[in-house]
Each structure stands twice: as structure tokens, then as C-alpha cells.
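S.K.: Let's see this in three dimensions:
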Amino acid sequence: MFDALSDRLQAALHDVRGRGRLDEDAVSRAMREIRLALLEADVNFKVVKDFVERVRARALGADVTKSLTPGQEVVRIVHDELTTLMGSGDSRLAFASKPPTVILLAGLQGSGKTTAAAKLALLLRKEGHSPALVAADLARPAAVEQLEQLGRELQIPVYTDVDPVAAVTKGIQQARSQGKDVVILDTAGRLHVDELLMEELEAVRKAAKPTNVLLVLDAMTGQEAVSVAEAFHERVAFDGVVLTKLDGDARGGAALSVRAVTGKPVKLASTGEKLDQLEYFHPDRMASRILGMGDVLTLIEKAEEAVEEDDQARLEQQLLAGEFTFDDFLSSYKMLRRMGPLKGVLSMIPGMSKQLQGLEVNEKDMSQVEAIVLSMTPQERRMPHLIDGSRRKRIAAGSGTTIQQVNQLLSARKQMQKMMKQMKKGKMPGIPQELLNQAQQQGRR
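M.R.: Prediction:
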């Protein structure tokens, strides 16, 4: 979502980044470009005005003008102000001292509440909680069936009843009796904010006494999402926001505006359609990604979730021995795929944004990698140097690929071995040009 904004902001800061001295004209030019970039990203006009004024005042202050690297200081200021804009405070969920913790999800119809409820249940279960779901959206046809289907898929119980208040009351009671420590309420929405919606939501809230009230907003709707947040803020005291469809191609204005307009932080963000693609929202990390600085902490967290201990121990032993077989390659490849779309994962590495410009990774084509490796014999996977011309021909036929694609993978293994050795030595590797070229060729097919 932030790709266009990221490119514009990085371009706006390029002129000042390497300067040894800064004058008011240089700062004014940069501020003008930043202002245009934010407006084009559909950020609220007043929010943009205040943001630019704060950055300008700090950029022309004594701390910057007397700095040995004033350009870098300005970049740091923009990073700090972006972080503040999106909510620099604590955005963690609150948990009740006496279970169950009740989390109420509110929002308009179509914002993604039902799917967000299931995603949140899965996220909390991964953290060691025992969640349950309550289907209190009885207004939308098939809403109950959708949540029940998601519950069966995740093996998480779903409770409901004949009306919303009865559903949440009995659902919480059932969850408590079955030892569940978190109950997530999926409430009804409308196509627009109206009195009937608010009355029902207030009744459900009164009956449920939730520990957290989260407003679910569709990030694709831009400034409309901010208007919805304002309307809810006037009637319902919500604690934070869940942004859905953050992986879409909208301009990102909602994510940058909602906290400044409502004073409530973005607590969670949906980054894809899969049920495991819901993350806690970290403003400082998002600011770093927008400015092309990477996001090492999230990268580490994703890696820890994706890697299995046995694979990690074996891979470390192989690297210490200076080896990197196709079995290791396949383990690393599977780990990367579990971490999410490859381009998104690589973009979290500092300094990668420029290398990734124009790179399109076709995930369907990338599945051929696994087919090629699995078409090798165990001996070939352990000892890649044995793969001669006749073996390449057999592997290509067995995997439904071409000899050229097999050759490209053999070359890619060598490049990845070099990258892993760099990381072993404590260096942050760049993407070898050969790997970039191969990925671009795959993306064009």
C-alpha cells in the first residue's frame, strides 16, 4: 500500500540526505515535496499541514543546523514525526485480570470484521490464549455461517443466538464455562453510519462489558475510513483500530490519518487474505519501511515463527561447515514462503528498497523451485556438484521445467550460499544481481 508514498518521500529527502549544510531553500523544497506526497497518498489535509509545519520547525532548528550530518538529521526527524503521526504510544491489547477478556469488533458492513475476528482469534491462540468467537452479526445474510465456517477451519468454537444481545451474553457464559480466556465478538455493521447501528452496538456493549473495543476500518476506502472513524468516535468510545486490506493498492491515507484525527491508535493491521496475515501495528517500524530503512525487528519475528528448531540447528551446522546443499536450500525456501510474499520479506532488509525497484516475483513460477529440487535424488541434493548435463536433462523432465530453469536454480544455490556466508560473518547481504535478473525473468514470463 505504501509503495508510491515511500518512493515519493524517499525522492523528496534525497536532495537533503547527503548535504553537508542545509539552508532554508533546501528545506522548503523538501517540505513542498513531502506535502505533495502526503496529499497524493490521501492523507487528511489538516494532518498534512500540521505534519509539515512540525518537520520544518525541527529541520531549521539549532540541532540540525549545527549537526555534522544535517541531511541525516532531517531524515531522522521525518521518521520520528511519521512514527508520532501513526501513534507512538502503547498499542497492545488490554487483558482482563479475571478471564475471559472480551474484545468487541465494530465497523461498517464490508470492512472485514468477520474475517478480522477469525484472524485475531488465530493470532491470540498462537500467543498461548484459548479464544472463542461470538457471531453477533445477525443482520447480514450468511454472516453467522461465514464465522462458523472460519471457526471450523481454525478449530475455534463459535457461539450465537437469536438476537445480538442474547448472542453475546450466552456466548460469554459458554466461553467462561469451557475455560476460554478470550472472547471475540463479531457485531453487525451497516453500509453507512446510522442510528439503528449505533443503538444496537450500544446495547451489545452494555451487555458484553468488553475489555477492548476495536473499530475495523477498510484501508482501501482512504479518507472515507477516517470519516467513519470520526462518526464512531462521537458515539462509541473505541480503544483502537484494526486496519484491513493494508496489502491493497490504496494510497495509505487512512493509516496515516486515523490516529491524528481520532486520537486512537492503530492496534492491528491485516496484511493479506490468509487467516495468519494479521499483525500488531508498530508505527516506528512502519515509518522505517516507508522511508526505505527496512524493518529488521519484524523480519526477525517472522523468521522465528517460520523456522522450525530442527531445521535451524541443522542449517547452522551446515553453514559452520561451509556447506549449503539443496536440502538446506529447500528448507530455507520453505521458511521464506511461510514468512509471506518474498518481495515483502526482502523489503524489510535495510537498503533493499532500491534493489527491489521494478522487481516482480511471480509466486506461481517460484513453486517450480520446489518441483526441481524434489526431482533430484537425495544424493544430488546433498552433493550438487554431481549434477552433470544428463542429470540436468532428467531433472528438467521430472519437474516439468526446462534445462535452462534447472541451470538457473543451480546458479541461485551458489548465490544463496554466498549470502548465507555473509550473514554468518555478521554482514547484511545485498541481493546478488544474478538472483535479481532471474526473478525479473520469471516475472516477465
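
S.K.: where's the spatially most central residue of the chain relative to Thr160, distance?
M.R.: By C-alpha atoms, centre = their mean, the chain has its centre lying nearest to Thr271, at 4.3 Å. Going from Thr271 to Thr160 by C-beta to C-beta, to the nearest Å gives 29 Å. Every residue, glycine included, has its C-beta placed from N, CA and C.

S.K.: Check Asp247 too.
M.R.: For Asp247, the distance to Thr160 - C-beta to C-beta - is 30 Å.

S.K.: who has more neighbours, the two?
M.R.: A count of neighbours by other C-beta atoms under 10 Å puts Thr160 above the other of Asp247 and Thr160, at 22 against 18.

S.K.: quick one: the more buried one and Val168 touch, right?
M.R.: No. Taking contacts as C-beta atoms under 8 Å, Thr160 lies outside contact range of Val168: 9.5 Å.

S.K.: shared neighbours of these two, anything?
M.R.: With contacts defined as C-beta atoms under 8 Å, 6 or more residues apart in numbering, the residues shared by Thr160 and Val168 are Val134, Ala136.

S.K.: Any chance of the backbone angles for the closest residue to Leu138 other than its chain neighbours?
M.R.: With C-beta to C-beta, 6 or more residues apart in numbering as the criterion, Leu138 has its nearest non-adjacent residue at 5.9 Å, and that residue is Pro164. Backbone dihedrals for Pro164, given as degrees, to the nearest 10, come out at phi -60, psi -40.

S.K.: list the contacts for Pro164?
M.R.: Taking C-beta under 8 Å, 6+ apart, one finds Ala136, Asp137, Leu138, Thr187, Ala188, Glu200, Ala203, Val204 in contact with Pro164.

S.K.: I'd assumed Tyr159 was in contact with Gly151.
M.R.: No. Under the criterion of C-beta under 8 Å, Gly151 makes no contact with Tyr159, lying 9.4 Å away.

S.K.: list the residues that contact both of those two?
M.R.: Counting by C-beta under 8 Å, 6+ apart, the contacts common to Gly151 and Tyr159 are Leu133.

S.K.: So which of these two has more stuff around it?
M.R.: It is Tyr159, of Gly151 and Tyr159, that has more neighbours when counted by other C-beta under 10 Å, with 24 against 20.

S.K.: State the distance from the more buried one to Val168.
M.R.: 9 Å.

S.K.: and if you look at Gly179?
M.R.: Applying C-beta to C-beta to Gly179 and Val168 gives a distance of 19 Å.

S.K.: same question, Ala412
M.R.: 53 Å.

S.K.: The two: which is more packed in?
M.R.: A count of neighbours by other C-beta under 10 Å puts Val168 above the other of Ala412 and Val168, at 30 against 18.

S.K.: Among the contacts of Pro164, which one sits closest to Asn407?
M.R.: Nearest to Asn407 among the contacts of Pro164, counting by C-beta to C-beta, is Asp137 at 54.1 Å.

S.K.: Tell me if I'm right that the closest one and Ala143 touch.
M.R.: Yes. With contacts counted by C-beta under 8 Å, Asp137 reaches Ala143, the gap being 4.0 Å.

S.K.: so what pLDDT did Val165 get?
M.R.: pLDDT, Val165: 95.

S.K.: what number of residues lie near the closest residue to it other than its chain neighbours?
M.R.: Nearest residue to Val165 in three dimensions, chain neighbours excluded: Ala207, at 4.8 Å (C-beta to C-beta, 6+ apart). By other C-beta under 10 Å, 17 other residues sit near Ala207.

S.K.: so how far is Leu185 from Ala207?
M.R.: Separation of Ala207 from Leu185 (C-beta to C-beta): 10 Å.

S.K.: Val236 contacts Leu214, correct?
M.R.: No. Assessed by C-beta under 8 Å, Val236 is found out of contact with Leu214, at 10.9 Å.

S.K.: Show me what secondary structure element comes after the one helix or strand Ser227 maps to.
M.R.: Ser227 is located in helix 223-235, with elements delineated by DSSP states H and E. Next helix or strand after helix 223-235 toward the C-terminus (DSSP H and E): strand 240-244.

S.K.: from the middle of its chain, how far away would that following strand be?
M.R.: How far strand 240-244 lies from its chain's middle: 12 Å, per C-alpha atoms, centre = their mean, to the nearest Å.

S.K.: and if you look at stretch 85-100?
M.R.: The answer for stretch 85-100 is 19 Å, by C-alpha atoms, centre = their mean.

S.K.: mind exporting it as PDB, just the C-alpha atoms?
M.R.: Presented in PDB, the C-alpha positions along stretch 85-100 are these (Å, rounded to 0.1, in the frame of the first residue of the first chain):
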ATOM      1  CA  LEU A  85       1.600  10.600  13.400                       C
ATOM      2  CA  MET A  86       0.700   6.900  13.300                       C
ATOM      3  CA  GLY A  87       0.800   6.600  17.200                       C
ATOM      4  CA  SER A  88       4.000   6.400  19.200                       C
ATOM      5  CA  GLY A  89       2.300   5.200  22.300                       C
ATOM      6  CA  ASP A  90       1.500   1.600  23.500                       C
ATOM      7  CA  SER A  91      -0.900  -0.100  21.100                       C
ATOM      8  CA  ARG A  92      -1.100  -3.500  22.800                       C
ATOM      9  CA  LEU A  93      -4.400  -5.100  23.700                       C
ATOM     10  CA  ALA A  94      -5.600  -5.000  27.300                       C
ATOM     11  CA  PHE A  95      -6.400  -8.200  29.100                       C
ATOM     12  CA  ALA A  96      -8.800  -8.700  32.000                       C
ATOM     13  CA  SER A  97      -7.400  -9.600  35.400                       C
ATOM     14  CA  LYS A  98     -10.200 -12.200  35.600                       C
ATOM     15  CA  PRO A  99     -10.900 -14.100  32.300                       C
ATOM     16  CA  PRO A 100     -12.400 -14.000  29.900                       C
END
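
S.K.: Fine by me, thanks again.
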